[in-house]
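Engineer: Provided below for reference: sequence and predicted model.
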Amino acid sequence: QVQLVESGGGLVQTGGSLRLSCAASGRTLRNYNMGWFRQAPGKERDFVASISWSGLPTYVDSVKGRFTISRDGAKNTVYLQMNSLKPEDTALYYCAALKPGTRTASTDFGSWGQGTQVTVSS
């Protein structure tokens, strides 16, 4: 089964850190640009960060300097290291393969997964 499974979320205090993982099965991530998205309660799902197939990262302004996206080809996994967390980072986090040259999710790994919940207390 081709899918992406997110994990690593949790409850942390302001200023804390978490590392999210996105493990792929059924297909290699090697040739894909990958992205992390998040959805807060009552809001739309928003782009957070991406990493190209060659390892080039991009970030939304609100997380620059705090979040780091990376990938491990051998483990077929993408990571999101989140430091200096703020209450406004509270959301359900998802990963997805991206359509080439865009920040739009593709369906090559199926529909959105379950996501992983990140809650930052003040």
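Structural biologist: Happy to help now that I have it. Nothing here was measured: the structure is a model prediction, and the numbers come from that model.
Engineer: Next, name the residue at the spatial heart of this protein.
Structural biologist: In the chain, the centroid-proximal residue (C-alpha atoms, centre = their mean) is residue 36; its distance is 2.6 Å.
Engineer: In terms of helices and strands, where is that residue?
Structural biologist: strand 34-39 (DSSP states H and E).
Engineer: so what strands line up beside that strand?
Structural biologist: Here strand 34-39 is paired, per DSSP bridges, with strand 45-51 (antiparallel), strand 91-97 (antiparallel).
Engineer: closest one to residue 103 among those strands?
Structural biologist: Shortest distance between residue 103 and the strands paired with strand 34-39, using C-beta to C-beta, is found for strand 45-51: 4.6 Å. For glycine as for every other residue, the C-beta is placed from the backbone atoms N, C-alpha and C.
Engineer: Which SSE is immediately downstream of the closest one?
Structural biologist: With DSSP H and E, the next secondary element past strand 45-51 is strand 57-59.
Engineer: Can you show me the helices along this structure?
Structural biologist: Read by DSSP state H, the chain holds no helices at all.
Engineer: residue boundaries of the strands in it?
Structural biologist: Secondary structure of the chain, counting by DSSP state E: strands at 3-7, 10-13, 18-25, 34-39, 45-51, 57-59, 67-72, 77-82, 91-97, 116-121.
Engineer: Dump these into JSON lines; add distance to residue 109 and mean pLDDT as well.
Structural biologist: Below are those laid out as JSON lines (distance: least, C-beta to C-beta, whole Å; pLDDT from 0 to 100):
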{"stretch": "strand 3-7", "distance to residue 109": "5", "mean pLDDT": "96"}
{"stretch": "strand 10-13", "distance to residue 109": "24", "mean pLDDT": "98"}
{"stretch": "strand 18-25", "distance to residue 109": "6", "mean pLDDT": "97"}
{"stretch": "strand 34-39", "distance to residue 109": "10", "mean pLDDT": "98"}
{"stretch": "strand 45-51", "distance to residue 109": "15", "mean pLDDT": "98"}
{"stretch": "strand 57-59", "distance to residue 109": "20", "mean pLDDT": "98"}
{"stretch": "strand 67-72", "distance to residue 109": "14", "mean pLDDT": "98"}
{"stretch": "strand 77-82", "distance to residue 109": "11", "mean pLDDT": "98"}
{"stretch": "strand 91-97", "distance to residue 109": "5", "mean pLDDT": "97"}
{"stretch": "strand 116-121", "distance to residue 109": "16", "mean pLDDT": "98"}
